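What would the 3D arrangement of this be:
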Amino acid sequence: GGGGGGGGGGFSLGSSFASLTTSIGDGLTSTTTALSQSIASNLARQYTMPDRTVASQVLMYRQLLHTVCKPGLRLSRSFDGTPAQRAVMHMPWWEQGVEKSKRMVISYDNLIVRLWLSGAIMPYVDGGYAHDVAVATATTSGSEIPEPSGHVDSLIDSKGLPPIPHEYWVDRLGFQQTDPVTDFRSGGVLSLAMLVHVVETCPHVHCRFLPSGPAHMVPFGITCINITDMLAKFLMFSKSVDRIDALLSQKPFWMMFGDPNALLVCQELAMDMLADVVVEMVRERTMPRNNNANNDLDGTTQSLHGESEGKVTVFDFAEILEITEKRVRDDLLGAGPKTVVELRAVHGRIKARYEKAMVRKEREAERKYGRKD
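Residues are numbered from 1 along each chain as shown. You can find the predicted model right below:
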C-alpha cells in the first residue's frame, strides 16, 4: 500500500469534526469503498485488511489521537440515532447522556472532571477500593486520609472543575506534574478518554496501580498514556503511520475491531498485563539466589536500580514497558482474536502461561539455593 507523506493530511479537527462521526458508517473515501469490495476475498485468509466499519473506527481513533487536549476544548455534533452512531455512543470520549441531549460532545473539561472524581476522589473515600488499604498504610506512607463521613469533598470548584494545580494529579493519578495537560501531548484526547475508561469501568485494573496495589511503583497516569501510544502504533492510527497505509494493511486482528469495544478492552488488558510484568519482576528479584552472582536465573544480568534489595522501582519502567509491548504485540494481538470474547480468552491463557512459568522458576530457585526467609 503506497500513500505519500502527510499522515494527518486534511484531518485537522476544527473543520472536519463532523466527519469524525459521519465517517462511521457514512461515505468514507474511494479507498475504503475499494477495500470493502476486496474484503470478501480477504476474509478467507488469516490476515485481513480493515473493512469499511473497521476503517471508520480507526480513522476516528486517529482523529482523537491528533486532537490536542486543552482546557475549554469542546467539539459537538448532532446525534441522529443512526445505527453507526448508536454503536459508538457509549464510548468514553463522549459526554454522557447522548440520547437525552441529542448531541455527541467531546469536552476536555468533562473528561478531566470524570478522571478526577473516579481516579483521585472516589477510590479514596470511606468504602472506596483504595480507602481501607490507604488507612492501613497511612502510617508508613504519611499520606493524608479523608475522614470517614457522609460528605465527600470532591474539591470541585464553583465552575464545576477540579483543582489545577493540585498534588493529587501526581500522588494519586500518577501524572508528571500537578497540571496533567502536558502529559496528553502524545496521545491527545484519546489518551485522556482511555484513562477515564480505566478509572470508571475497570476498578480491578486501576486498583493494581494504587498505593496499596502490587504495581504501585509505576505511575498510573503516565503508564496508561504509554499503553495508549503503544496500541496506536500496533493498530496503525499513530501519527507516524500514513493513513492510507493503515487502511491497506493486513493484520490478523482487524476483524475484531468491527466491535468498537475492542479498543477499550485492549487498553484494559494491556494495563493488566503490564501490572503482571511488574509482579513477575518483584517475584523474580525476591527469589533465593546465589549471592555471588548478579545474574538472573537464565543467566542474564539484571538492571541495578533497587536490584540488591530485590525492589522494582520507577527506574525499571522502560524495561517493564518493553516486556509488555512484546507480549501485547506477539501473544495478545498476534494470536489474531476475531472477537472481544476471544481476545479475553487469549488474555486468560497468556496470564496462566506466565504464572506457570514463574512458579516453575521459583521452585527451581528454591531447589538450587534453598528457601528464602
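
Would you mind listing where the chain has pLDDT under the threshold?
Within the chain, the segments meeting pLDDT under 70 span 1-47, 131-151, 291-309, 372-373.

ok, 50 please
1-15, 21-28, 40-41, 43-44, 134-143, 145-146, 148, 293, 297-301, 303-304 (pLDDT under 50).

And the strands in it?
74-78, 103-107 (DSSP state E).

out of the ones you listed, deepest packed?
strand 103-107 (a mean of 19; mean count of other Cβ atoms under 10 Å). Every residue, glycine included, has its C-beta placed from N, CA and C.

quick one on the thing from earlier: quick one: the strands of the chain as TSV, columns for distance to Thr223 too.
Shown next, in TSV, are these (distance: least, Cβ to Cβ, whole Å):
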stretch	distance to Thr223
strand 74-78	27
strand 103-107	23
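
Can you tell me which of those strands is nearest to Lys311?
strand 103-107 (40.8 Å; Cβ to Cβ).

relative orientation of that closest one and strand 74-78 in degrees?
Relative orientation of strand 103-107 and strand 74-78, computed by axes from the mean of the first three to the mean of the last three Cα atoms, to 10 degrees: 170 degrees.

coming back round to it: Met281 is nearest to which of the strands of the chain?
strand 103-107 (37.1 Å).

Which elements pack onto the closest one?
strand 74-78 (3 or more Cβ pairs under 8 Å, 6 or more residues apart in numbering; DSSP states H and E).

how far is the strand it packs on from where the chain is centred?
24 Å (Cα atoms, centre = their mean, to the nearest Å).

quick one on the thing from earlier: right, and the strands of the chain - which one's nearest Arg344?
Per Cβ to Cβ, nearest to Arg344 of those: strand 103-107, 27.7 Å.

how deep is Gly187 tucked in, by neighbour count?
Using other Cβ atoms under 10 Å, Gly187 has 27 other residues around it.

who's in contact with stretch 217-224?
119, 169, 173-176, 180, 183, 191, 194-195, 198, 206, 209-210, 267, 271, 274, 278, 311-314, 316-317, 320 (Cβ atoms under 8 Å, 6 or more residues apart in numbering).

Is it correct that Val88 is in contact with Pro260?
Yes. Between Val88 and Pro260 a contact is recorded at 4.9 Å, counting by Cβ atoms under 8 Å.

How about the contacts made by Ala130?
By Cβ under 8 Å, 6+ apart, Ala130 lies in contact with 123-124, 207, 210-212.

Now the residue positioned nearest the centre of the chain. Nearest residue, chain neighbours left out?
Centroid-nearest residue in the chain, with Cα atoms, centre = their mean: Gln267, separated by 3.6 Å. Using Cβ to Cβ, 6 or more residues apart in numbering and skipping the chain neighbours, the partner closest in space to Gln267 is Met194 (4.9 Å).

before we move on, back to that, dump the residue contacts of the residue nearest to the centre of the chain.
Gln267 neighbours (Cβ under 8 Å, 6+ apart): 194, 197-198, 224, 227-228, 231.

want to throw the residues you listed into a markdown table with distance to Asp157 and neighbour count?
Below are the contacts of Gln267 laid out as a markdown table (distance: Cβ to Cβ, whole Å; neighbours: other Cβ atoms under 10 Å):
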| residue | distance to Asp157 | neighbour count |
| --- | --- | --- |
| Met194 | 25 | 24 |
| His197 | 25 | 22 |
| Val198 | 25 | 25 |
| Cys224 | 25 | 30 |
| Ile227 | 30 | 27 |
| Thr228 | 28 | 29 |
| Leu231 | 34 | 24 |
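
Out of those residues, which is nearest to Leu332?
For the contacts of Gln267, the nearest to Leu332 is Leu231 (10.3 Å; Cβ to Cβ).

Relative to Leu155, which of the strands of the chain is closest?
Per Cβ to Cβ, nearest to Leu155 of those: strand 103-107, 19.6 Å.

Could you tell me which strands sit next to the closest one in the sheet, and their orientation?
strand 74-78 (antiparallel) (DSSP bridges).
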